[in-house]
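**Q** need a structure here:
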Amino acid sequence: MTGPDAPSAHHDGARLDGTALDRLRPLAFSVAYRMLGSVAEAEDVVQEALTRLSQADGVRNPDAFVTTVTTRIAIDVLRSARVRRESYVGEWLPEPLVGPAQANLPVAMAAAPPDAAAHAELADDLSTAFLVLLETLTPTERAAFLLHDVLGYPHSDAADIIGTSEVAARQLASRARRRIARQRGDVGHRATSGGDNKAQDNKAPHSTARDDRVREARVRDDRARAEQLVTRFLAACEEGEVDAFLELLAQDVVLTGDSGGNVPPGMSIVRPVAGQVAVARALAGFMRRGAPIHFERALVGGGPGLLIVADDAVGGGLIGTWSFEVSGGQLRAIRGVINPEKLRHLGPLADLVRLHEWLRGARRRTAR
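**A** Take a look at the predicted model:
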């Protein structure tokens, strides 16, 4: 990854024009979105950070400046958001990004386009599962961890950005790393395997060609298996039978829905459903309702997922997204976002009231 003092990041000290600010927007968003898990909040933070940059004189390193300002604003926003999320109705999930990760965000610091393996690592950093784990961290732990383990900053630079000492930044990142590792039960995960050794700040920036080939092969295999699982999941949705879902689900699978209390009654699960049989029954029951909907395959949070879309018979539009966490060739978690407030950035939304009335009418017709 390109460090904060990369030559390409330097500027002659004059105020930046619109083209230069546009170049920095994806970088600022990559930091803000990972910090906040909210597209709307991230966009507000980015606008504020770029405004401050545009008004500043003598900025020698715009990339480092915008990363610093974005992180500091995001820490304040996250502290406020934590208070709001305590009163959130139901489960809170990050706002989904839909589409190829590289189309949305750079890896870090306006780096050169990454290879296939780096793209996959970026997608993993943007996955719903990863962002859910980050929610267990304090704002400063989250910032220290993301700056060092994900964006590649030395602890000394992360300390300057956060406004603390290098020792404190190292400790914050270490605590975050251990907490995420405990949550995952997988200390070998790339983003949690950073370790506490000072030598890590001086590690070689590039792996060998053989390492890259091995990673790329693993990435292709993992993505292919995930795509196959989504294909089989779609087939199970068509069948609508419990047994079809059982074959795909891990024993400890969890189905989580995020409606924020903003959907008609009965259109979203109130609390997470856990366990292979319980989740299979919930999914089969949902499919058997015969709602006028269809699924569209998409990358959700950088990984294979589904868009839930209303049919034209009820006006069309997006209902929600499903993202999947895969482990051992099975679905370990299914996370659905149906809260309209978290989907507006994705395009036209379905009329949930109209869809709800259709479902009520269908139940009445069946009962006759």
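**Q** and the strands in the protein, which stretches?
**A** 249-258, 273-274, 293-300, 303-310, 318-327, 330-337 (DSSP state E).
**Q** reformat those strands as CSV; add mean pLDDT, mean neighbour count and distance to Val167.
**A** Using the backbone N, CA and C atoms, a C-beta is placed for each residue, glycine as well. Converted to CSV, the strands of the chain look like this (pLDDT from 0 to 100; neighbours: other CB atoms under 10 Å; distance: least, CB to CB, whole Å):
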stretch, mean pLDDT, mean neighbour count, distance to Val167
strand 249-258, 96, 20, 37
strand 273-274, 97, 16, 40
strand 293-300, 94, 17, 39
strand 303-310, 94, 22, 36
strand 318-327, 94, 23, 35
strand 330-337, 96, 23, 36
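**Q** how many neighbouring residues does Ala74 have?
**A** As a burial measure, Ala74 scores 28 neighbours (other CB atoms under 10 Å).
**Q** what's the answer for Ala173, then?
**A** Applying other CB under 10 Å, I find that Ala173 has 25 neighbouring residues.
**Q** pretty sure it contacts Thr140?
**A** No. Shown here, Ala173 and Thr140 do not form a contact pair, counting by CB atoms under 8 Å, at 9.9 Å.
**Q** closest to Glu227 out of the strands of the chain?
**A** strand 303-310 (5.2 Å; CB to CB).
**Q** that closest one packs against which elements?
**A** helix 209-239, strand 293-300, strand 318-327 (3 or more CB pairs under 8 Å, 6 or more residues apart in numbering; DSSP states H and E).
**Q** just want the angle from that strand to helix 209-239.
**A** 30 degrees (axes from the mean of the first three to the mean of the last three CA atoms, to 10 degrees).
**Q** what are the pairing partners of strand 303-310, and which direction each?
**A** Take DSSP bridges as the rule and strand 303-310 pairs in its sheet with strand 293-300 (antiparallel), strand 318-327 (antiparallel).
**Q** low-confidence ranges in this protein?
**A** Within the chain, the ranges that satisfy pLDDT under 70 run 1-17, 101-124, 185-209, 211-212, 215, 367-368.
**Q** domain ranges for it?
**A** 7-199, 226-367 (automatic domain parsing).
**Q** tell me how far the first one lies from the chain's centre.
**A** Distance of domain 7-199 from its chain centroid, counting by CA atoms, centre = their mean, to the nearest Å, is 12 Å.
**Q** kindly report the same for the last one.
**A** Remark: domain 226-367 is offset 18 Å from the chain centroid, using CA atoms, centre = their mean.
**Q** re earlier: adding distance to Leu21 as columns, could you present the strands of the chain in JSON lines?
**A** Listed next are the strands of the chain as JSON lines, based on distance: least, CB to CB, whole Å:
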{"stretch": "strand 249-258", "distance to Leu21": "33"}
{"stretch": "strand 273-274", "distance to Leu21": "45"}
{"stretch": "strand 293-300", "distance to Leu21": "27"}
{"stretch": "strand 303-310", "distance to Leu21": "31"}
{"stretch": "strand 318-327", "distance to Leu21": "30"}
{"stretch": "strand 330-337", "distance to Leu21": "30"}
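**Q** do a quick rundown of the helices in the stretch 51-200 of the chain.
**A** Along the stretch 51-200 of the chain, counting by DSSP state H, counting those that start in this stretch, helices occupy 62-86, 101-104, 116-125, 128-134, 139-145, 155-162, 166-184.
**Q** reformat these as CSV; add distance to Leu27.
**A** Formatted as CSV, the helices of the stretch 51-200 of the chain follow (distance: least, CB to CB, whole Å):
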stretch, distance to Leu27
helix 62-86, 6
helix 101-104, 12
helix 116-125, 13
helix 128-134, 18
helix 139-145, 15
helix 155-162, 13
helix 166-184, 20
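**Q** so for Gly320, which of those sits nearest?
**A** Closest among these, using CB to CB: helix 128-134, at 12.5 Å.
**Q** quick one: residues in contact with that closest one.
**A** 34, 37, 93-94, 96, 124, 142, 145-146, 180, 183-184, 191, 300-301, 323, 325, 333, 335 (CB atoms under 8 Å, 6 or more residues apart in numbering).
**Q** hmm, 7 Å instead?
**A** Contact with helix 128-134 is made by 37, 93-94, 96, 124, 142, 180, 183-184, 191, 301, 323, 325, 333, 335, as judged by CB atoms under 7 Å, 6 or more residues apart in numbering.
**Q** how about the helices of the stretch 51-200 of the chain, which one is nearest Glu247?
**A** Proximity to Glu247 (CB to CB) singles out helix 128-134 among the helices of the stretch 51-200 of the chain, at 21.7 Å.
**Q** how about the closest one: buried residues?
**A** For helix 128-134, the neighbour count (16 or more other CB atoms under 10 Å) marks 128-134 as buried.
**Q** which residues does Asp76 contact?
**A** So Asp76 contacts nothing (CB under 7 Å, 6+ apart).
**Q** gap between it and Leu133?
**A** As judged by CB to CB, to the nearest Å, Asp76 and Leu133 stand 22 Å apart.
**Q** ok, Val314 next?
**A** 36 Å.
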